[in-house]
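Provided below for reference: sequence and predicted model.
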Amino acid sequence: MNGEYITNQNKSSNMLKSSFSVCPICGNIIHTMGENINSCCGINLPILECELENDEHIINCEIIENEYYISIKHEMTKQHYISFIAYVTNDRSEIVKLYPEQNAEARFFKRGKGIVYTYCNKDGLMNKKISE
């Protein structure tokens, strides 16, 4: 017990190595932590390629009390919307499913460094690293 914090570097069990797939038919979200083959509605789903946030998808993160308040200024119409926001740390993940015509925002209990993922139904998966 020397006080050093050790992060799990094992690729197969580190939550920071997460990947996501989304079914284009039913919108099912599949979260995995290793290589696999996912299928839904009779089709094989590819692992989503993740991009950093951009000018059209800015991920805002505020600390309110002991929570992260995540918001995205993005239209939320039935044709173009943010489908989910996920907060992933090295030992857990949380996903908030969003629907058209609601605000693109979520709150997560503050657990330290991690990655916030957002999925736009037209532009794909984006992420932003969070550090305390």
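Structure received. Numbers count the residues shown, from 1 in each chain.

CA atoms for contacts and neighbours, from now on please.
Noted.

how close does residue 129 get to residue 44?
Residue 129 is 29 Å from residue 44, where distance means C-alpha to C-alpha, to the nearest Å.

now residue 88: how far from residue 40?
For residue 88, the distance to residue 40 (C-alpha to C-alpha) stands at 23 Å.

Which one of these two is surrounded by more residues?
Per other C-alpha atoms under 10 Å, whichever of residue 88 and residue 40 has more neighbours is residue 88, with 22 against 17.

May I have the phi/psi pair for the more buried one?
Dihedral pair for residue 88: phi -120, psi 130, per degrees, to the nearest 10.

about what we covered before: could you check which of residue 129 and residue 44 is surrounded by more residues?
Comparing residue 129 with residue 44 by neighbour count (other C-alpha under 10 Å), the higher total belongs to residue 129, at 16 against 12.

Specify the beta-bridge partners of the more buried one.
Applying DSSP bridges to residue 129 gives these bridge partners: residue 115.

Can you name the residues that contact it?
113-116 (C-alpha atoms under 8 Å, 6 or more residues apart in numbering).

Generate JSON lines for the residues you listed, with neighbour count and distance to residue 19 as supplementary columns.
Output for those, formatted as JSON lines (neighbours: other C-alpha atoms under 10 Å; distance: C-alpha to C-alpha, whole Å):
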{"residue": "113", "neighbour count": "14", "distance to residue 19": "18"}
{"residue": "114", "neighbour count": "21", "distance to residue 19": "14"}
{"residue": "115", "neighbour count": "20", "distance to residue 19": "12"}
{"residue": "116", "neighbour count": "22", "distance to residue 19": "12"}
